[in-house]
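S.K.: could you work out the structure for the sequence below:
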Amino acid sequence: MTQRASNNHYLIVAAVQLQPSDSIERNLNNSAKLIQSAADQGAQLVVLPENFAHLGRNDFAAIGLAESQPQGLVRQFLSDQAALYGLWLVAGTVPISDPQQSTKPYARCLLFDPQGNQSSAYDKIHLFDVELDRSGLKNEQQSAYRESDNFSSGSEVVVAQTDLGCLGMTVCYDLRFPELYRQLADLGAQIVTVPAAFTAATGRDHWLLLLRARAVENQVFVIGANMVDRDHPRRALWGGSVIIDPWGNILASLDDQPGVAVAEIDLNRIDEIRAKMPVAEHRKI
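M.R.: Numbers count the residues shown, from 1 in each chain. The predicted model follows:
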């Protein structure tokens with residue numbers, strides 16, 4: 001295993017890129033292999049993609065109830081992985097129900113600490129209800145998405161305190177709403193995580209553009225962990241997972257294959273950039 005950085009300002013982070021399978025068991029096995037690969041490269045923080053275990057399923061209400069307890073299949077897997085490798089794990093999203101709040105589950109991003117304890121959670125605020133331009137799609141690829149048919153929207157902005165730094169938590173479609181990221185920066189976020197299942201139709205033009213914009217305008221590190229399956233006949237997924245610094249530089253990236261993007265980041269870089277260009281202090285609106 002690679003020696004992990006000892007300086008408190010330096011840490012090694014990783015974005016997992018996963019190709020969805022047709023079974024939860026295979027998705028978990030594939031995720032475990034990639035988490036191990038990240039750990040072997042010294043990663044102290046690992047980010048999984050959105051809906052990494054259940055993409056393609058339509059029984060989210062049943063899954064949400066099954067995962068409403070910490071002993072749910074996927075939640076227990078995530079806890080075990082974080083503890084096994086002693087790392088912080090941003091666990092993509094998992095459908096989790098809260099019957100007292102809503103009849104539909106939330107797309108919940110869980111954060112586990114190196115002991116396997118759930119440290120924080122974020123419910124995806126912006127749900128993907130869109131009509132895509134079919135002129136850019138191949139074959140019979142899906143052109144309409146109605147995420148709100150299956151999920152409830154969250155409302156709380158979350159910055160998680162960790163011994164690595166402050167993590168701003170977002171998911172996929174949130175990326176198009178810069179006001180959320182400004183709030184995260186104002187709340188002290190140093191690293192913003194973006195688990196995603198970004199479509200190929202939008203990803204080729206917007207995924208990297210938006211990630212770099214959110215990093216530059218807020219002067220934070222951004223980790224985008226995306227699902228990938230560009231050749232799927234209907235539900236094509238872009239991939240392109242990436243780690244970006246506060247100046248918009250790409251520190252590590254993947255293209256269209258499953259894998260892990262790993263990079264060492266220096267949190268002092270944030271202060272250096274903000275001291276020279278104090279954007280937040282210059283804000284007028």
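S.K.: who touches residue 187 in this structure?
M.R.: By C-beta atoms under 8 Å, 6 or more residues apart in numbering, residue 187 lies in contact with 157, 159, 166, 168. Quick note: C-beta positions are derived from backbone N, CA and C, even for glycine.
S.K.: go again using 7 Å as the cut-off
M.R.: 157, 159 (C-beta atoms under 7 Å, 6 or more residues apart in numbering).
S.K.: tell me the spacing between it and residue 180.
M.R.: To residue 180, residue 187 is 11 Å away according to C-beta to C-beta, to the nearest Å.
S.K.: shared neighbours, these two?
M.R.: With C-beta under 7 Å, 6+ apart as the test, residue 187 and residue 180 both reach residue 157.
S.K.: nearest residue to residue 57 other than its sequence neighbours?
M.R.: residue 63 (6.7 Å; C-beta to C-beta, 6 or more residues apart in numbering).
S.K.: for the one you found, what are its contacts?
M.R.: 54, 57, 95.
S.K.: just the buried residues of these.
M.R.: Among these, those buried by neighbour count (16 or more other C-beta atoms under 10 Å) are 54, 95.
S.K.: can I get the contacts of residue 63 in CSV with pLDDT?
M.R.: Shown next, in CSV, are the contacts of residue 63 (pLDDT from 0 to 100):
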residue, pLDDT
54, 94
57, 86
95, 97
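S.K.: surely residue 11 is in contact with residue 167?
M.R.: No - Residue 11 is beyond contact range of residue 167, at 11.3 Å (criterion: C-beta atoms under 7 Å).
S.K.: next, count neighbours for residue 108.
M.R.: 24 (other C-beta atoms under 10 Å).
S.K.: with residue 179 instead?
M.R.: 8.
S.K.: likewise residue 144?
M.R.: 9.
S.K.: residues in contact with residue 257?
M.R.: residue 228.
S.K.: checking it next. Helix, strand or coil?
M.R.: Of the three states, residue 257 takes coil under DSSP: H, G, I helix; E, B strand; the rest coil.
S.K.: any idea how far it lies from residue 9?
M.R.: From residue 257 to residue 9 the distance is 32 Å (C-beta to C-beta).
S.K.: please verify my assumption that residue 49 contacts residue 18.
M.R.: Yes - look at residue 49 against residue 18 with C-beta under 7 Å: they come within range, at 5.4 Å.
S.K.: what's the overlap in contacts for the two?
M.R.: residue 227.
S.K.: between residue 11 and residue 167, who's got more neighbours?
M.R.: residue 167 (27 against 24).
S.K.: now the helix or strand hosting the more buried one: average pLDDT?
M.R.: Assigned by DSSP states H and E, residue 167 falls within strand 166-169. The average pLDDT within strand 166-169 is 98.
S.K.: got the contact list for that strand?
M.R.: Residues contacting strand 166-169 (C-beta under 7 Å, 6+ apart): 109, 111, 122, 158-160, 184, 188-193.
S.K.: biggest separation within these, which pair?
M.R.: Within those, two members stand farthest from each other by C-beta to C-beta: 109 and 188, at 18.2 Å.
S.K.: check what pLDDT residue 58 gets.
M.R.: Confidence score, pLDDT, at residue 58: 82.
S.K.: same check on residue 22?
M.R.: pLDDT recorded at residue 22 is 88.
S.K.: so who does it touch?
M.R.: residue 56.
S.K.: count of residues packed around residue 202?
M.R.: 18.
S.K.: which parts of the protein are helices?
M.R.: All helices of the chain, identified by DSSP state H, fall at 24-40, 60-66, 73-85, 178-186, 200-218, 268-276, 279-282.
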